[in-house]
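In: Fold the following.
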Amino acid sequence: MQLKLTSLLVLLLASGLGLMLTMPRATEAQGLPVLRAIWFEWDPCFAFRDQLAPLFKEATIEVTCVPLGQWHDAIFRDDFLSNSSGKWDIVILDSQFIGEAVTGGHVIELTQLVADQIDLTDYFAEPFAAYGEYPPNSKRYFGVPFEADVQFLVYRKDIWEQIGVRDVFGYDDPDSDSGLLQVARRINAAPGVGAYGYASFWCTLCGDAYDQGATCWNQIAWSYGGEIWDPATFRVDGVLQQKANEDSLDLARQLILEGPPNVIDYDFGNLVGALCDGTVAMGAIWAGFGPAFTGEGCAMRDRLGFTVVPGQRTHALSLGGMGVHVSSHVSPERQQLAQRFVAWSQQQTVQRAWVEMGGYSARKSVLASGLFINSAAYAPIFGVSYPLVKDFWNLPEYAQLLQIQMQGLYGAFSGELSSAQALDQIAKGQQALLDEAYPDGPPRPPADPVTIIVGVQIALLVLTGLFMLLVVATMVAVFVKRHVAVFHFSSPIFMELILLGCLLLLSALLTYAQDPPNTVACQFHLWLSVLGVCLIFGPLLAKTWRVWQIYQKTSKFMSIRITNADCLKVTAGVMAPAVILLAVWTGVDTNRPKTYYDEPNDGEQVTRCDNDHLAIYLGVLFGYLGVLVLAGCVFAFLTRNVATEFNESRYLTVLLYNLVLISAVTIPLIFFISDDPTVSFALECAGFLFAVLLVLGVLFGPKFYRLAAGKGDDRSTLGTRGVRGTTTSSGPNTSGRNNSSNNHNNHTSSNSDPPIRQEMDTVVSQIFDDSC
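Out: Sure thing, here's the model as predicted:
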């Protein structure tokens, strides 16, 4: 009775204490922001939910533990890729999920957090990288270790003693059977043992298989000196079929034969159960399941021992554990709070608390501490095993690669395929997948980006801005003085179009303010530069075509009227092919930023606008521009004798010559040294600015000079330069055909009759006066 009362008193005190401890936490939780985390169902997740999460004082962390088979889809399919993304703030991901998460933009980068708040020297380099670095060797981190893990060997101490086995390492001989296999056979051969020799989680095609069978076999292959792929070249075919892998797959099949009849379908739960109920005497399993072997639910807990899983020719063990990551699908405020949790979780004090809860730290100092070593019977084994870990694919295609491997492994495990056949089947399938996903080979890690030197960029953009102001000022001046003869006869509307082309050409240079370029900058640069060139050439060709038409007809005393609308149609005709080409170029094969690497040392990367068929598009574009240049040369030749006041064929010739020369020099240089964005930008700026300067100087300079000299409205010189090699009168010819006839008697030129030419120029002047 006294015992019962004492027990009741203890129970009441414990309940009261529990209530006291619980009430303040509930009160503190009121008003705190909530962070939601997800992991899969196992003891570390329960420890996170029930013990670690309540210690974080800045937020209430709600932890959801889902079945292993639902883990990936609960994160990616049901959150990241759903219309209602943002369900989880903190995601615990397998190392193989990282490629998919990073390339999909689902987790935020934590590189700065790692640099500022984490001492990398206190972590083993390979597992730390596996838990959060992507791409490999990039030094860019998207997660940090949360739960470290590695496989250890659980064995029956009493059975080993019964058959005279001290450990599995004394049996290891690179040229003989595995120590594991020899001990398993001795267990099965010993009378009265009552347990199978060996088991592991060989499950490959069972419901929650995930990577269970693969991580069993991978470490056997590595310990035989084999490799499952070449990460440097992304080659599987020719790597996987090596003899070491055949030997390791043969060993796996022999170990399966030493286990229970259904061991090929064992998953984690089956293995824990078989070891705890005495069905199996020995098995390799993740250390994360360690507490299951020491708890009251394990009938054999007092008979179980722990040791390192043995190697063979080398010694490597599959990396387990997971990293903690922050979702990119939640608000910036929740991301900041989740990042504070991530940094908090890596603190020394928190890591020590985590191991006391049954978790495993990735920090060297914690693993070497007496606190950890004495935390559990298997803790020292973990500390010895963890430095031996090795990881495999963390690509976005991980799930497909794994499925191919698991199907092939099942064929070998079950005996349906020989080891050689299974390996060849896996290699061919995985290689086809990788070749399709990476036709250009492995993605390169980010190198040091090469951008335009800021000082040069600012200087040239400012200079471009000044040129744009000059062009705008010229446009305003032409509009204000449009009725003055010197501008009127040159068709002000087409002069404005030419200046607009100059403005577009200069605007294309402003896209270099976005460095490195993005898709928008690439598209604007393409359209602005091409339309700018065409708007310069189009009106010039239209004006020269009109002069040729009028002069041709008037020389035959035929009546003709060509309006600005007619010339605009010609301009539109010049522009149309370019617009169609640009539309096709943009719609079918858009210019996008592409990154190229410095091939000699891969130490630098340059991003520039490009596409897969750039040479074809440029060939068509330059071919068309060549046609325009040729047309300009023809029209310039045909109108070479027309008065300069309303004919710009000579200016067109000068422009064509210089523009072709500029293009012939700068374009090859831009492409030849495109790996240096500063030089490419400077050359393009020099070409564009010089082209605009030529247009302003050659086309508009003489007009403004005449205007400044007070001769802008003086029509007295019309026709005086209409015929080369002749002398004409200084005044206008208005006396008609009789005066022309009289003067004809005194003229000796063999080329043409100046008085008639003067009369024709006057007629042309009047036609232009009406047309413009």
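
In: all contacts plus neighbour counts: C-alpha atoms, from now on.
Out: Will do.

In: starting at the chain centroid, how far to stretch 417-424?
Out: Distance of stretch 417-424 from the chain centroid (CA atoms, centre = their mean, to the nearest Å) equals 37 Å.

In: Same question for stretch 627-638.
Out: For stretch 627-638 - counting by CA atoms, centre = their mean - the centre lies 46 Å from the chain centre.

In: Tell me the buried residues in that stretch?
Out: Residues of stretch 627-638 classed as buried: 628-629, 632-636, 638 (neighbour count, 16 or more other CA atoms under 10 Å).

In: In helices only, show me the residues you listed.
Out: 628-629, 632-636, 638 (DSSP state H).

In: how far away is C567 from A583?
Out: Look at C567 and A583: by CA to CA, to the nearest Å, they are 24 Å apart.

In: Okay, now the sheet partners of the one helix or strand V154 maps to, with direction.
Out: Under the criterion of DSSP states H and E, V154 resides in strand 144-156. The pairing partners recorded for strand 144-156 under DSSP bridges are strand 282-286 (antiparallel), strand 304-308 (antiparallel), strand 317-326 (antiparallel).

In: Tell me the buried residues in the following helix or strand past it?
Out: Moving toward the C-terminus from strand 144-156, the next helix or strand (DSSP H and E) is helix 157-163. Of the residues in helix 157-163, 157-160 count as buried by neighbour count, 16+ other CA under 10 Å.

In: ditto for stretch 605-612
Out: Per 16+ other CA under 10 Å, stretch 605-612 contains these buried residues: 605-610.

In: Ok, stretch 697-714 next?
Out: Here stretch 697-714 shows 698-700, 703-704, 707, 711-712 as buried, counting by 16+ other CA under 10 Å.

In: do the same with stretch 387-403
Out: Using 16+ other CA under 10 Å as the test for burial, stretch 387-403 gives 387-399, 401-403.

In: which among these gets closest to R140?
Out: When the buried residues of stretch 387-403 are ranked by distance to R140 (CA to CA), N394 comes first, at 14.3 Å.

In: wait, what's in contact with that closest one?
Out: Applying CA atoms under 8 Å, 6 or more residues apart in numbering to N394 gives the contacts 95-99, 130.

In: Adding distance to Y123, write those residues out as JSON lines.
Out: Below are the contacts of N394 laid out as JSON lines (distance: CA to CA, whole Å):
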{"residue": "S95", "distance to Y123": "16"}
{"residue": "Q96", "distance to Y123": "19"}
{"residue": "F97", "distance to Y123": "21"}
{"residue": "I98", "distance to Y123": "19"}
{"residue": "G99", "distance to Y123": "21"}
{"residue": "A130", "distance to Y123": "12"}
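
In: Buried subset of those residues as a PyMOL selection?
Out: Typed into PyMOL, the line below selects the buried ones among these, using 16+ other CA under 10 Å:
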select buried, resi 95+96+97+98+99+130
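
In: quick revisit: could I get the buried residues of helix 157-163 in CSV, plus columns for pLDDT?
Out: As requested, the buried residues of helix 157-163 are exported to CSV (pLDDT from 0 to 100):
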residue, pLDDT
K157, 96
D158, 96
I159, 96
W160, 94
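
In: give me the number of residues near A115?
Out: By the criterion of other CA atoms under 10 Å, A115 has 11 neighbours.

In: Surely it forms part of a helix?
Out: Yes - assigned with DSSP: H, G, I helix; E, B strand; the rest coil, A115 falls within a helix.

In: pretty sure D267 is in contact with A199, am I right?
Out: No - in this structure D267 lies outside contact range of A199 using CA atoms under 8 Å: 10.1 Å.

In: Between the two ends of stretch 483-493, how far is it?
Out: By CA to CA, the extent of stretch 483-493 from end to end equals 11 Å.

In: Show me how far that stretch is from its chain's centre.
Out: Its chain's average C-alpha position is 53 Å from that of stretch 483-493, according to CA atoms, centre = their mean.

In: One more: stretch 584-600?
Out: 13 Å.

In: send the alpha carbons of it over as PDB?
Out: Extracted in PDB, the C-alpha atoms of stretch 584-600 (Å, rounded to 0.1, in the frame of the first residue of the first chain):
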ATOM      1  CA  VAL A 584      11.200  34.800 -87.000                       C
ATOM      2  CA  TRP A 585      14.500  35.100 -85.100                       C
ATOM      3  CA  THR A 586      12.700  36.000 -81.900                       C
ATOM      4  CA  GLY A 587       9.900  33.600 -82.200                       C
ATOM      5  CA  VAL A 588      11.800  30.500 -83.300                       C
ATOM      6  CA  ASP A 589      15.200  30.900 -81.900                       C
ATOM      7  CA  THR A 590      15.300  33.700 -79.400                       C
ATOM      8  CA  ASN A 591      18.600  35.300 -78.500                       C
ATOM      9  CA  ARG A 592      19.400  34.300 -74.900                       C
ATOM     10  CA  PRO A 593      22.300  34.800 -72.600                       C
ATOM     11  CA  LYS A 594      24.700  31.900 -72.800                       C
ATOM     12  CA  THR A 595      27.700  31.300 -70.600                       C
ATOM     13  CA  TYR A 596      31.100  30.300 -72.200                       C
ATOM     14  CA  TYR A 597      34.200  29.300 -70.400                       C
ATOM     15  CA  ASP A 598      37.800  30.200 -70.800                       C
ATOM     16  CA  GLU A 599      39.000  26.800 -72.300                       C
ATOM     17  CA  PRO A 600      42.700  26.900 -71.300                       C
END
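
In: And C567 and A583? Which one has more around it.
Out: Using other CA under 10 Å as the criterion, C567 and A583 rank with C567 on top: 21 against 14.

In: quick one, what contacts the more buried one?
Out: 539, 542-543, 546.

In: ok but it is inside a helix, no?
Out: Yes - counting by three-state DSSP, C567 falls inside a helix.

In: And it, how far from A252?
Out: 84 Å.

In: same check, this time on T111
Out: Distance, T111 to A252, using CA to CA: 40 Å.

In: before we move on, the earlier item: and the strand holding V154, average pLDDT?
Out: Strand 144-156 carries an average pLDDT of 96.

In: of D267 and A199, who's got more company?
Out: Neighbour count, other CA under 10 Å: between D267 and A199, A199 has more, with 27 against 22.

In: ok, that one to G290 distance?
Out: As judged by CA to CA, A199 and G290 stand 16 Å apart.

In: Take the buried residues of stretch 605-612 and write them to CSV, including secondary structure, pLDDT and distance to D675.
Out: Formatted as CSV, those follow (DSSP: H, G, I helix; E, B strand; the rest coil; pLDDT from 0 to 100; distance: CA to CA, whole Å):
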residue, secondary structure, pLDDT, distance to D675
Q605, strand, 76, 8
V606, strand, 79, 6
T607, strand, 82, 9
R608, strand, 80, 9
C609, strand, 84, 12
D610, strand, 82, 13
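
In: Nearest to A508 among those residues?
Out: The closest of these to A508 turns out to be C609 (CA to CA; 13.2 Å).

In: Next one: that closest one from P387, what distance?
Out: Using CA to CA, C609 is found at 45 Å from P387.

In: do the same with T464
Out: 59 Å.

In: quick check, V183 in a helix?
Out: Yes - V183 sits within a helix when classified using three-state DSSP.

In: contacting residues for the residue lying closest to it once chain neighbours are set aside?
Out: Leaving aside its sequence neighbours, V183 sits nearest to V168 (CA to CA, 6 or more residues apart in numbering; 6.8 Å). The contact partners of V168, by CA under 8 Å, 6+ apart, come to 179-180, 183, 310.

In: Quick check: the two most widely separated of those residues?
Out: Taking CA to CA as the measure, the contacts of V168 reach their widest spread between V183 and P310, a distance of 11.7 Å.

In: more neighbours, those two?
Out: When neighbours are counted by other CA under 10 Å, V183 and P310 differ, and P310 comes out ahead with 24 against 21.
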